[in-house]
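K.L.:
below are the sequence and a predicted model; questions follow.
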Amino acid sequence: GAVVSQHPSWVICKSGTSVKIECRSLDFQATTMFWYRQFPKQSLMLMATSNEGSKATYEQGVEKDKFLINHASLTLSTLTVTSAHPEDSSFYICSATGSYGYTFGSGTRLTVV
Amino acid sequence: EDQVTQSPEALRLQEGESSSLNCSYTVSGLRGLFWYRQDPGKGPEFLFTLYSAGEEKEKERLKATLTKKESFLHITAPKPEDSATYLCAVSVGGNTPLVFGKGTRLSVIA
């Protein structure tokens, strides 16, 4: 089956620093990848959609300069949280779509101190 | 606007007490309805995809059904390990993002 690997699974960083989260499709080519944010006891909130080789499309209210998305290949997308602040602390999840449908990564718990 | 509504928000069952979770949807054109299971601190785990009204799929104690307006996830004789949040989502076409419901938090008590 389709597998999406997301790293790191958790990260703690200091306020003002940047953090990069990787999302890889291991056994299929992902034409499109999605990035979500999830708050405790809430559902997934779509942040952006990225297609390989083109600029990401951000949802309303998501700062594209703060949440940088790069989709350099059909198997890798990265989300960089720039100049992180405590309010950016959250659970971030990626998803990739290809011939297998929609597959999700295991998520990244970001804590900004 | 495409919408997905799940009910109940939370459900507490005794072990062995069967029940159903509901997912009602309003979309412009359904390409697929998805059920996922999510454990705390984990990403969603795929359960089922349903494509047309009348379709049913089963996996162990779970059975998913689909009508033109809603889907049900039936849980037969649940066990404590079935405790999780169950998410329903719809695809409206192509490589568009899934539209998620808010989920149902299921607790199965031994």
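P.N.:
Cool, got the structure.
K.L.:
next up, the contacts around the residue nearest to B:Gln3 when sequence neighbours are not counted.
P.N.:
Closest residue to B:Gln3 in three dimensions, ignoring its sequence neighbours and counting by C-beta to C-beta, 6 or more residues apart in numbering or on different chains: B:Thr26, at 4.8 Å. For glycine as for every other residue, the C-beta is placed from the backbone atoms N, C-alpha and C. Remark: with contacts taken as C-beta atoms under 8 Å, 6 or more residues apart in numbering or on different chains, B:Thr26 is in contact with B:Glu1, B:Asp2, B:Gln3.
K.L.:
okay, A:Gly101: pLDDT?
P.N.:
Residue-level confidence at A:Gly101 comes out at 84, pLDDT.
K.L.:
and if you look at the one 5 residues further on?
P.N.:
Per-residue confidence for A:Ser106 comes out at a pLDDT of 96.
K.L.:
that one touches B:Glu45, doesn't it?
P.N.:
No - taking contact to mean C-beta atoms under 8 Å, the distance of 9.4 Å between A:Ser106 and B:Glu45 leaves them out of contact.
K.L.:
and A:Leu110, what are its bridge partners?
P.N.:
Here A:Leu110 shows beta-bridge partners A:Val11, A:Ser90, assigned using DSSP bridges.
K.L.:
residues near it, how many?
P.N.:
Taking other C-beta atoms under 10 Å in any protein chain shown as the criterion, the count of residues near A:Leu110 is 21.
K.L.:
got the residues of chain B near chain A?
P.N.:
Where proximity means C-beta under 8 Å from any C-beta of the partner chain, the interface of chain B facing chain A comprises B:32, B:34, B:36, B:41-46, B:49, B:87, B:89, B:91, B:95-98, B:100-103, B:105.
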